[in-house]
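Undergrad: Give me coordinates for this.
(chains A and B)
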Amino acid sequence: MAPARRHAGDRARPPCGGFHRRNDRPLCRLGASAGLQLVRTQARDSMNYFKLLLDRIKAELESLQAAGALPSGLDFKAVSLDPPKDPRHGDVATNAAMVLAGPAKMKPRDIATALAARLTGYDDTDAAEVAGPGFINLRLKPSFWTARLSEALRAGDAYGHSDVGNAKGPVNVEYVSANPTGPMHVGHARGAVFGDALASLLEFTGHDVTREYYINDAGAQVDVLARSAYMRYREALGDSIGEIPSGLYPGEYLRDVGEGLVELYKNRFHNAPESEWLQPFREFAIAEMMGEIRDDLELLGVRHGVFTSERALVKEGKVDVALGDLRAKGLVYQGVLDPPKGKEPEDWEPREQMLFRATQFGDDTDRPVQKSDGSWTYFATDIAYHADKVRRGFRTLIDVWGADHGGYVKRVEAAVRAVSGGKAELDVKLCQLVKLMERGEPVKMSKRAGTFVTLKDVVDRVGKDVVRFIMLTRRNDAQLDFDFAVVTEESRENPVFYVQYAHARCHSVMRNAAKETSGIDISPESLAQAELSRLTHPDELALMRAIASWPRSVEAAAEAHEPHRIAFWLRELAATFHTLWNRGKEEEALRFLVDADPTLTRARLALVRACALGLSVGLKIIGVTPVEELR
RNA sequence: GCGCCCGUAGCUCAGUGGAUUAGAGCACUGGCCUCCGAAGCCAGGGGUCGCAGGUUCGAGUCCUGCCGGGCGCGCCA
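TA: Below you'll find the model as predicted:
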């Protein structure tokens, strides 16, 4: 298995392609963040209706205090508002009475009754019922939901956008970071999509995000790459090289590199010793591989803003500096590790080496930072790399890795704590395996047999949008089956299709409206003025609720660093819409376009428009192009 | 052996800082197209949330142990 260390990818033939030739500029920054072209809005109130109602509840609690019905000096922090599991319990439920009962030295039900009485007084509230041990279940009137609908329409493409991330400082999302030794495979695609979607999600919630790729161009593997390229170089010069020796990369993809080397150097290194060609060949091959990786990432619509070269990091002495700092703090020392517990390797010998005190920061054992030849270990450069991120001002670091690097998490987390003095936090997101399937049968992959499925193969076959969506239909830490048959199917089983279909249907309605019903302005701004009180059917309300849940869902997904929630939310909204659509087939009065009643039609178009808006905003965050027509 | 992740309906999986009677899709059964896109929708059955303890007024959710699966485990990246 290729030692691809992290997953994910991104691309575009480098405007900053010269990173490994110009050591003076290891970092290239392309300002543009890919994906969303979001309207930057002024500080805006959150449209999260849970927050809105929570504020209301806290205000009423204060009124109760002012009235002497509740002791003063209570902390309302634990008061929360959530959707009840059972819809029959109303629209939202608060635990206020229960969490305050203790501190207030009152019975939960007494607090609940008093609070409920006040909450009933609002125009948009139908009922506030005390239930169970002291919950207050709120039932909201349609006017509450139409107000949310109107907000959504007025917000347009910025619906759900918020500033909650502003306060958290710059965030660095490092993803893909595939080794520049060969083409990317499906596993990389998952990391690429995950990282990119997460970055977009964070941007959408007001975070200052940098998308970063770490180029692992300093290890022994890139020497292997250079030697492999040398074989292909000789091959291109007409030598009969036979089978690629084991230990080198046999891939056909290096033939182009060999030819490129001939073009560049002619036969200059044909019979030269390795010491002469290793470095130039390495640089050339790495540049070529990174070019391919960037091209592949471009296919997926993934673009990083910053590429950091490991080799440059070392050359600039950043590792020496970082380790020197740690040494000065007494966090690096010469020592001998205990053998791994339980299973002792046969060739185990106690060995004195330079160690980082990872145990002081939550790791299980201290970790070596220097090899016996005096060069730094991979971990040492990683310490320096993360120290550099901290130095650049990031306080939240997110690394997206393949699950096979799980054993590495603790030590890097420890390193980040150590180099930042606890000021920065690292969240490592591990992406589990992707299993390629064909109608339920695993697709066999073997690099040797040439049945290796690359990222490009997959994207070429099913398209960028399908790959992106499917990669987010499972949590990152769960294995994912990617079935070629299913993901190209046009049925409910295929979530990409299902969501796109809902979006297309919305636009179909609007197209018909523009065509058949003259004089209706279907722009969101105009529809926000529609007489939304005409929307009263339970399924219409259900759709309004689904749309209204967006701001809270985005915030929660961003906070949890879980972009898959966006994909789930989209399916939910699509399902709610399909239900309402079909209601119109059963009952003609529920169709969206009612010729005899333009006012009603306008209100329903507002609902459809907002639904399309929700679907498209969500799709854009995960990098899927919303389509207005399927065919 | 140690560490991390996972274990929810026959299958694949959600479950939002613990809270009122645990959800969806698939599969299975039965319905819905002279009608805005039936590529869709509706209805029905189906679960000791791996097991055992613990914390709590309350645990799928937090803690401990065990069982099962995945990944990793000193100068590889």
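Undergrad: and A:Arg255, what does it touch?
TA: Residues counted as contacts of A:Arg255 (CB atoms under 8 Å, 6 or more residues apart in numbering) are A:Arg232, A:Glu235, A:Ala236. In this view, the C-beta of every residue, glycine as well, is placed from N, C-alpha and C.
Undergrad: Highest neighbour count among those residues?
TA: A:Arg232 (27 neighbours; other CB atoms under 10 Å).
Undergrad: Mind telling me what element the residue nearest the centre of chain A is part of?
TA: Residue closest to the average C-alpha location in chain A (CA atoms, centre = their mean): A:Leu198, at 2.0 Å. In this assignment (DSSP states H and E), A:Leu198 forms part of helix A:186-204.
Undergrad: Distance from the chain centre to that helix, please.
TA: Distance of helix A:186-204 from its chain centroid, counting by CA atoms, centre = their mean, to the nearest Å, is 4 Å.
Undergrad: What about the contacts of A:Arg255, which are in strands?
TA: Of these, none are assigned to strands by DSSP state E.
Undergrad: could those residues go into a markdown table alongside pLDDT and distance to A:Asp481?
TA: Shown next, in a markdown table, are these (pLDDT from 0 to 100; distance: CB to CB, whole Å):
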| residue | pLDDT | distance to A:Asp481 |
| --- | --- | --- |
| A:Arg232 | 96 | 36 |
| A:Glu235 | 96 | 39 |
| A:Ala236 | 97 | 40 |
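Undergrad: Out of those, which comes closest to A:Gly421?
TA: A:Arg232 (48.0 Å; CB to CB).
Undergrad: what about that closest one, distance to RNA strand B?
TA: To RNA strand B, A:Arg232 is 21 Å away according to CB to the nearest atom of the strand, to the nearest Å.
Undergrad: Skip the chain neighbours and tell me the closest residue to the residue in the stretch 1-150 of chain A positioned nearest to RNA strand B.
TA: At 3.0 Å from RNA strand B, A:Ala93 is the closest residue in the stretch 1-150 of chain A, using CB to the nearest atom of the strand. Using CB to CB, 6 or more residues apart in numbering and skipping the chain neighbours, the partner closest in space to A:Ala93 is A:Pro84 (4.4 Å).
Undergrad: so what's the one you found up against?
TA: The contact partners of A:Pro84, by CB under 8 Å, 6+ apart, come to A:Gly90, A:Asp91, A:Val92, A:Ala93, A:Phe135, A:Asn137.
Undergrad: and those residues, which of them are in strands?
TA: Using DSSP E, A:Val92, A:Ala93, A:Phe135, A:Asn137 are the members of those that sit in strands.
Undergrad: Contact residues of the stretch 351-500 of chain A facing RNA strand B?
TA: Contact residues (CB under 7 Å from any atom of the strand) of the stretch 351-500 of chain A with RNA strand B: A:351, A:353, A:364, A:368, A:371-373, A:377-379, A:403-410, A:432-433, A:474-475, A:477-481, A:490-493, A:497-498.
Undergrad: Can I get the buried ones among those as something I can paste into PyMOL?
TA: Applying 16 or more other CB atoms under 10 Å to those, the buried members can be selected in PyMOL as follows:
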select buried, chain A and resi 353+368+377+378+379+404+405+408+409+410+432+474+480+481+497+498
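Undergrad: and the residues of the stretch 351-500 of chain A next to RNA strand B, which of them are in helices?
TA: A:Tyr378, A:Phe379, A:Val409, A:Lys410, A:Phe497, A:Tyr498 (DSSP state H).
Undergrad: Show me which of the residues you listed is closest to RNA strand B.
TA: Closest approach between these and RNA strand B, by CB to the nearest atom of the strand: A:Tyr378, at 3.1 Å.
Undergrad: Am I right that that closest one is in contact with A:Gly219?
TA: Yes. A:Tyr378 lies in contact with A:Gly219 (CB atoms under 8 Å); the separation is 6.4 Å.
Undergrad: Whatever residue of the stretch 501-631 of chain A ends up closest to RNA strand B: how many residues sit nearby?
TA: Proximity of the stretch 501-631 of chain A to RNA strand B (CB to the nearest atom of the strand) peaks at A:Gly584, 2.5 Å away. A:Gly584 has 17 neighbouring residues, counting by other CB under 10 Å.
Undergrad: Check what pLDDT it gets.
TA: A:Gly584 carries a pLDDT score of 90 in this model.
Undergrad: same question, the one 5 residues further on
TA: A:Ala589 is assigned a pLDDT of 89 by the prediction.
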